[in-house]
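Trainee: Below: sequence and its predicted model.
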Amino acid sequence: MPFHPIISFLHIKLEGQKAKTSSPLGLKVMHEFMNKEHILMDNSVGHKSRLMVRDQDSREVVYSTCGPFNTQHNPLCHQDDSFALLHFTQSISIIKSVSISVDPSAYPKVASWNASSSDCCLWDGVTCDDNTCRVISLDLSSSFLSGFINTSNTLFRLVHLQTLNLAGNYFNKSQIPSAIGLLSRLTYLNLSNTEFTGQIPLEFSNLTKLNSLDLSRNYFLEILKPGLASLVQNLTDLKQLHLSQVNISSPVHVLANFSSLTSLLLENCQLQGEFSACIFKLPNLQFLSVQYNTNLSGYLPGFFRRSPLKELRLAGTNFSGEMPNSIRYLESLNHLDISYCNFSGSMLSSISNLSQLLHLELSGNNFSAGSISSWIGNLTQLERLYMRSTQLTGRILSWLMNLTQLTLLDLSENNFSARSSRLGLVILHILKDCA
């Protein structure tokens, strides 16, 4: 087997004793082991690559494929990054009792970090660039972290970071430091469910390479002064923008020009004014939710053919008007929730074309009274159907028998015949027992 060209660090473990070497002797031993062809690739830790070489006596060589081969001592992790990570751990604590993570797989990743090892590229949650050995990804989500992060925190010295995930930890209602703007190479940032509070700093506008930004479920976080337009105007490459439960308290017209968006979640953000109809027509948008913004008004526009929308959630808003016939073009839609809005007119049979629908909620609108149409029976993939208080009359059984995948059904507060109402209640209980 030829000598591997990208080895930069050698860790030899012989009979329980550890030694580090980049000496000619070490290289000779390594070469001999490799010629024995007892080689295993270990990719079990994220994107890291460790090569373990064993001889017939189970002796083991472990090295990482980071950086070019070099005969001088060349630790895998850049010392500046190692220093920054270790000092970051000194600013926070691991306290399981105060963690707000709901992730059942949560565990304290930094607990395994060891200052005696210079190879931070092999630390849990850390990923390094294969060529430069700089830390480019840090995933400490759901790690039971607790503490304050301020502008001087060494976390912001990791200027080569491309992805940062601190979701599901508890940062003691501290503010997001303005130093976040120093991480200008970030393409992915997730600070959701972290108990950050206060105004989001304007320095977010420096993160021009962001594809994904998630600040959701931080109930005391605000985007007020400056507003949303000032913060995101430079983030035109965004594909995912998740700000649910963040206080925005303004219109979001600026997002109508974000043609790369695939997911926009703005639930319970105290949005105001009229929602731009152009956002519905963004060419790549698959997931849109603005539900539970009671002061947000708007209407459903005419949709284009082959719209990519998969989920549309408008529940608990002030959207109004009639359902457009063009809703039939949302052929990829699997979740539609327009409950407790102010939609009116008749429920269109065009919805029957949405053959991928699994979840349909129409409850609490001002639809005109009428018998429930047979078109509901065409939605044979439905698993959940909520049509409470929708002025429905007539009989239930004829169309319900087609919905063999249903697990949840709510047709209460309608005007079905007495026999149909009793039958509906029996069916509802059966469905709940099967769920």
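Mentor: Arrived safely, thanks for sending. Residues are numbered from 1 along each chain as shown.
Trainee: going forward, measure contacts between C-alpha atoms and count neighbours the same way
Mentor: Noted.
Trainee: Which parts of this structure belong to which domain?
Mentor: Domain assignment for the chain by automatic domain parsing gives 11-64, 79-434.
Trainee: any idea which of the ones you listed is most buried?
Mentor: domain 79-434 (a mean of 19; mean count of other Cα atoms under 10 Å).
Trainee: related to what we said a few turns ago, check the domains of the chain for me: which has the lowest mean pLDDT.
Mentor: Ranked by mean pLDDT, those bottom out at domain 11-64, with a mean of 41.
Trainee: distance of residue 185 from residue 210?
Mentor: 8 Å (Cα to Cα, to the nearest Å).
Trainee: And for residue 255?
Mentor: To residue 210, residue 255 is 15 Å away according to Cα to Cα.
Trainee: just the helices in the chain please.
Mentor: Here the chain has its helices, by DSSP state H, at 24-35, 79-90, 228-232, 397-400, 418-434.
Trainee: Next, the contact list for residue 333, please.
Mentor: Residues near residue 333 by Cα atoms under 8 Å, 6 or more residues apart in numbering: 308-312, 354, 356-357.
Trainee: make it 7 Å
Mentor: Residues in contact with residue 333, defined by Cα atoms under 7 Å, 6 or more residues apart in numbering, are 309-311, 354, 356-357.
Trainee: And these, which is closest to residue 247?
Mentor: Nearest to residue 247 among the contacts of residue 333, counting by Cα to Cα, is residue 311 at 22.8 Å.
Trainee: Tell me where the stretch 201-350 of the chain has strands.
Mentor: In the stretch 201-350 of the chain, the strands defined using DSSP state E, counting those that start in this stretch lie at 212-214, 221-222, 240-242, 263-265, 273-274, 287-289, 296-298, 311-313, 318-322, 335-337, 342-345.
Trainee: need the ones you listed in CSV with distance to residue 151, can you?
Mentor: Output for the strands of the stretch 201-350 of the chain, formatted as CSV (distance: least, Cα to Cα, whole Å):
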stretch, distance to residue 151
strand 212-214, 20
strand 221-222, 17
strand 240-242, 24
strand 263-265, 28
strand 273-274, 35
strand 287-289, 33
strand 296-298, 35
strand 311-313, 37
strand 318-322, 40
strand 335-337, 41
strand 342-345, 46
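Trainee: closest to residue 361 out of those?
Mentor: Residue 361 lies closest, by Cα to Cα, to one member of the strands of the stretch 201-350 of the chain: strand 335-337, at 4.6 Å.
Trainee: and that closest one, how far from the chain's centre?
Mentor: Strand 335-337 has its C-alpha centroid displaced from the chain centroid by 19 Å (Cα atoms, centre = their mean, to the nearest Å).
Trainee: try stretch 348-356
Mentor: Worked out by Cα atoms, centre = their mean, stretch 348-356 lies 29 Å from the chain centre.
Trainee: what's the span of that stretch, first residue to last?
Mentor: End-to-end span of stretch 348-356 (Cα to Cα): 17 Å.
Trainee: now do stretch 368-387
Mentor: Using Cα to Cα, the end-to-end distance of stretch 368-387 comes to 13 Å.
Trainee: Need the contact partners of it.
Mentor: The contact list for stretch 368-387 (Cα under 7 Å, 6+ apart) reads 344-346, 349, 352, 355-363, 391-394, 399-400, 402-411.
Trainee: Could you list which of those belong to strands?
Mentor: Taking DSSP state E, the ones among these that sit in strands are 344-345, 359-361, 392-394, 408-410.
Trainee: Pull the most distant pair out of those residues.
Mentor: Largest separation among the ones in strands among the contacts of stretch 368-387 by Cα to Cα: 345 and 408, giving 25.6 Å.
Trainee: about what we covered before: from the contacts of residue 333, which is closest to residue 192?
Mentor: residue 311 (20.8 Å).
Trainee: Surely residue 340 and residue 364 touch.
Mentor: Yes - here residue 340 reaches residue 364: they are 4.4 Å apart, a contact under Cα atoms under 7 Å.
Trainee: follow-up on the earlier one: of the strands of the stretch 201-350 of the chain, which is nearest residue 112?
Mentor: With Cα to Cα, the closest approach to residue 112 among the strands of the stretch 201-350 of the chain belongs to strand 212-214: 26.7 Å.
Trainee: That closest one: partners in the sheet, and parallel or antiparallel?
Mentor: Its sheet considered, strand 212-214 pairs with strand 188-190 (parallel), strand 240-242 (parallel) by DSSP bridges.
Trainee: Which one, of those, ends up nearest to residue 274?
Mentor: Proximity to residue 274 (Cα to Cα) singles out strand 240-242 among the strands paired with strand 212-214, at 19.3 Å.
Trainee: and that closest one, how far out from the chain's middle?
Mentor: Distance of strand 240-242 from the chain centroid (Cα atoms, centre = their mean) equals 8 Å.
Trainee: Now render the contacts of residue 333 as a markdown table, adding distance to residue 192.
Mentor: Below are these laid out as a markdown table (distance: Cα to Cα, whole Å):
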| residue | distance to residue 192 |
| --- | --- |
| 309 | 24 |
| 310 | 23 |
| 311 | 21 |
| 354 | 33 |
| 356 | 30 |
| 357 | 29 |
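Trainee: Can you tell me which of those residues is nearest residue 97?
Mentor: Among the contacts of residue 333, residue 311 lies closest to residue 97 (Cα to Cα), at 35.4 Å.
Trainee: any idea how far that closest one is from residue 208?
Mentor: Residue 311 sits 27 Å away from residue 208, going by Cα to Cα.
Trainee: do residue 376 as well
Mentor: Distance from residue 376 to residue 208, by Cα to Cα: 46 Å.
Trainee: ditto for residue 285
Mentor: Residue 285 is 20 Å from residue 208, by Cα to Cα.
Trainee: likewise residue 289?
Mentor: For residue 289, the distance to residue 208 equals 24 Å [Cα to Cα].
Trainee: Over to residue 332?
Mentor: For residue 332 relative to residue 208 (Cα to Cα), the value is 31 Å.
Trainee: Residue 388 now?
Mentor: Residue 388 is 45 Å from residue 208, by Cα to Cα.
Trainee: Contacts only, for residue 128.
Mentor: 121, 134-137.
Trainee: nearest spatial neighbour of it, skipping sequence neighbours?
Mentor: Spatially, and ignoring its direct neighbours in sequence, residue 128 is nearest to residue 135 (4.3 Å; Cα to Cα, 6 or more residues apart in numbering).
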